[in-house]
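A.B. asks: could you work out the structure for the sequence below:
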Amino acid sequence: MRQLLAEHWGKVLGGLTGLAVGLSIITFGLWRSLLLFMCIALGVFLGKLYDRHDGLQKILQRIWPDSD
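C.D. replies: Numbers count the residues shown, from 1 in each chain. Presented below is the predicted three-dimensional model:
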């Protein structure tokens, strides 16, 4: 089973993502699902910045730079 997952990880991940998107659209509707996925993408983006060990101050300055 591990070898199968290792060889076909992209297909498994794609299938699970498709299942999650389909279930979300059925459950919440198209527009609410799009909002949900945009919030998830924003959270992943901010988490990626945080993982680079940038402080919260640096992250916020990148998003909203000073207008001096």
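
A.B. asks: what does the strand or helix carrying Thr17 contact?
C.D. replies: For Thr17, the element it lies in under DSSP states H and E is helix 9-28. With Cβ atoms under 8 Å, 6 or more residues apart in numbering as the contact definition, helix 9-28 has outside contacts at Leu5, Ser33, Leu36, Phe37. Every C-beta, even on glycine, is put in place using the N, C-alpha and C of the backbone.

A.B. asks: which of those residues are buried?
C.D. replies: Restricting the contacts of helix 9-28 to buried positions leaves Ser33, with burial counted as 16 or more other Cβ atoms under 10 Å.

A.B. asks: quick revisit: now do the helix holding Thr17, average pLDDT.
C.D. replies: Across helix 9-28, pLDDT averages out at 89.

A.B. asks: reformat the contacts of helix 9-28 as JSON lines; add pLDDT.
C.D. replies: Converted to JSON lines, those look like this (pLDDT from 0 to 100):
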{"residue": "Leu5", "pLDDT": "77"}
{"residue": "Ser33", "pLDDT": "92"}
{"residue": "Leu36", "pLDDT": "92"}
{"residue": "Phe37", "pLDDT": "92"}
